[in-house]
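> Return a 3D structure for these sequence lines:
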Amino acid sequence: SRVSIREKLTRLTMQQFSGLSTDIYDELMRRKNNKTGNDFFVLVPFLPIRQDFHPKRNEARQQLATLLNPRFKDLATDVYFELNRRYP
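Numbers count the residues shown, from 1 in each chain. Below is the predicted model of the structure:
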């Protein structure tokens, strides 16, 4: 449930939460760029692998692409509320 997800977000370390919020933002931009249909952009099916990230983080970044839009919106909203809680 969303309550348990919000509770889990509160338990993330600053580093973990920073990484998650960055990944959510990157995924949002990927979806936005794919949606524009701009001829200069190639449709990207998921976030690219970054060599400077741990393999588990790269896997989690790719899994964000599998979330349907309503679920991704819920997650992004939960991260936004946690961001406001941590940085009032």
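
> before we move on, which element is the spatially most central residue of the chain in?
With distances taken as CA atoms, centre = their mean, residue 24 lies nearest the centre of the chain, 1.9 Å away. For residue 24, the enclosing helix or strand under DSSP states H and E is helix 14-36.

> Mind giving me the packing neighbours of that helix?
On a contact count with 3 or more CB pairs under 8 Å, 6 or more residues apart in numbering; DSSP states H and E, helix 14-36 meets helix 55-64, helix 69-86. Bear in mind the C-beta positions are built from the backbone N, C-alpha and C, glycine included.

> Please find the angle between the direction vectors of the first one and helix 69-86.
This means helix 55-64. 130 degrees (axes from the mean of the first three to the mean of the last three CA atoms, to 10 degrees).

> Local confidence estimate at the nearest residue to residue 60 once chain neighbours are set aside?
Once flanking residues are discounted, residue 60 sits nearest to residue 23: 6.9 Å by CB to CB, 6 or more residues apart in numbering. The score at residue 23 is 97. That number is its pLDDT.

> hang on, residue 23 packs against residue 62?
No. Look at residue 23 against residue 62 with CB atoms under 8 Å: they stay out of range, at 10.0 Å.
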